[in-house]
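[1] Could you look at this predicted model? Sequence included:
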Amino acid sequence: MPNLSNGLQDGFQRRLRQLRNWFETPSGSSLLAVQQQLLDNVLETTFGYYACQLTVTCGVDLLHRSAAGHHFSMELPDEVPPPLSTMACDPYYWPVSPGCLDVVVLHHMLEVAQSPHRLLSEAAKSIIPEGKLIIIGFNPWSLHALSRWVVPERYKVFSLSRFLHVSRLRDWLTLLGFSIERIDYGDYCQSLLRLAQSRTGGALEGFLKEMRCPAGSFYMIQATHEVHGVTPLKATWKHVKRSLVGSSAARPSVRNFGENS
């Protein structure tokens, strides 16, 4: 069983525990159901041999609809494993070979990580060329994010989590050699419960989702590991003329000293 690094001792586990407990509440379970539906639509058409998940939820198989041949989960030591193959590890040091995974799903782990860029780099390193990286995170420009500062119950849960903007993740992914294929948003009316429970709220939810308005409670980024083509370069030097190859050296223009004229 691996030992946790220093970055996981205090802040990481505290943020992880708070967010994990919230996903077990009715509000968290409702949001997770919306995320799972959106994720299923992507995983059903994403093929490969190995798919991996790293999630803040406990005992949840986010990959159950994946078209990949083998599914497994990265879990912290002493955590309750989900109903699929599990590999206990430090999330900053993945025990897999570089370039061996076809699909990796990061579910709200970047918000609780002490070093989100380091965690993202470790996940990116494990993905094969043309492999897929799916990131699900809270949208800082949403009513859900605003509610954490005005609702005391949500402040206790989300005050320690760091919501990352899509533009920052786009820059990080570009540096890691990934291109973003699609960004989806969901659960626009989570913070407006009365409106969401009415017919008007349902119609508004569908309209904003269809328009892909960047104001949903969460975002889901689909990124592909780019492979740059290699163009063979021709030699820049000129070919040696065939007439010079194998020919004898030129005769000296000055005779040897003492030679008879």
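    That came through fine.

[2] Now do the same contact list for Pro91.
    By C-beta atoms under 8 Å, 6 or more residues apart in numbering, the contact set of Pro91 is Leu8, Leu54, Met74, Leu76, Met109, Ala113, Leu119, Glu122. From N, CA and C alone the C-beta is placed, and that goes for glycine too.

[3] gap between the closest residue to the last one other than its chain neighbours and Ile127?
    Leaving aside its chain neighbours, Glu122 sits nearest to Trp94 (5.2 Å; criterion: C-beta to C-beta, 6 or more residues apart in numbering). Separation of Trp94 from Ile127 (C-beta to C-beta, to the nearest Å) stands at 11 Å.

[4] Of the two, which one has the most company?
    Neighbour totals were compared for Trp94 and Ile127, and Ile127 leads with 26 against 21 (other C-beta atoms under 10 Å).

[5] residues contacting that one?
    Gly99, Leu101, Asp102, Val104, Leu133, His225.

[6] repeat that for 10 Å
    Shown in contact with Ile127 (C-beta atoms under 10 Å, 6 or more residues apart in numbering): 48, 50, 52, 98-104, 133, 176-178, 223-225.

[7] picking that back up, quick one: contacts for the residue nearest to Glu122?
    Cys52, Leu54, Met74, Met87, Cys100, Leu101, Val104, Leu119, Glu122, Ala123, Lys125, Ser126.

[8] so the closest residue in space to Met109 that isn't next to it in sequence is in which element?
    Excluding its sequence neighbours, the residue lying closest to Met109 (C-beta to C-beta, 6+ apart) is Leu54, at 5.1 Å. Here Leu54 sits within strand 50-55, counting by DSSP states H and E.

[9] For that strand, what does the pLDDT average out to?
    Mean per-residue pLDDT for strand 50-55: 94.

[10] Check which helices and strands that strand sits against.
    Strand 50-55 sits against helix 26-43, strand 70-75, strand 101-107, helix 109-112, helix 116-125, strand 127-138, with contacts defined as 3 or more C-beta pairs under 10 Å, 6 or more residues apart in numbering; DSSP states H and E.

[11] Check which residues of the first one are buried.
    Translated: helix 26-43. For helix 26-43, the buried set under the neighbour-count rule, 16 or more other C-beta atoms under 10 Å, comprises Ser27, Gly28, Leu31, Leu32, Val34, Gln35, Gln36, Leu38, Leu39, Val42, Leu43.

[12] now that helix and strand 101-107, what's the angle there?
    160 degrees (axes from the mean of the first three to the mean of the last three C-alpha atoms, to 10 degrees).

[13] Let the chain start at 41 from now.
    Will do, 41 is the new start, and the previous item becomes helix 66-83.

[14] Alpha carbons of helix 66-83, as CSV, please.
    What follows is helix 66-83, C-alpha atoms only, in CSV (Å, rounded to 0.1, in the frame of the first residue of the first chain):
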residue,chain,number,x,y,z
PRO,A,66,-29.8,15.0,-2.0
SER,A,67,-28.4,18.0,-3.7
GLY,A,68,-25.1,16.3,-4.5
SER,A,69,-26.8,13.1,-5.6
SER,A,70,-29.0,15.1,-8.0
LEU,A,71,-26.0,16.8,-9.5
LEU,A,72,-24.1,13.6,-9.8
ALA,A,73,-27.0,12.0,-11.7
VAL,A,74,-26.9,14.9,-14.3
GLN,A,75,-23.1,14.5,-14.6
GLN,A,76,-23.4,10.7,-15.1
GLN,A,77,-25.9,11.1,-17.9
LEU,A,78,-23.8,13.5,-19.7
LEU,A,79,-20.7,11.4,-19.2
ASP,A,80,-22.4,8.2,-20.4
ASN,A,81,-23.2,9.8,-23.7
VAL,A,82,-19.5,10.4,-24.3
LEU,A,83,-18.1,7.1,-22.9
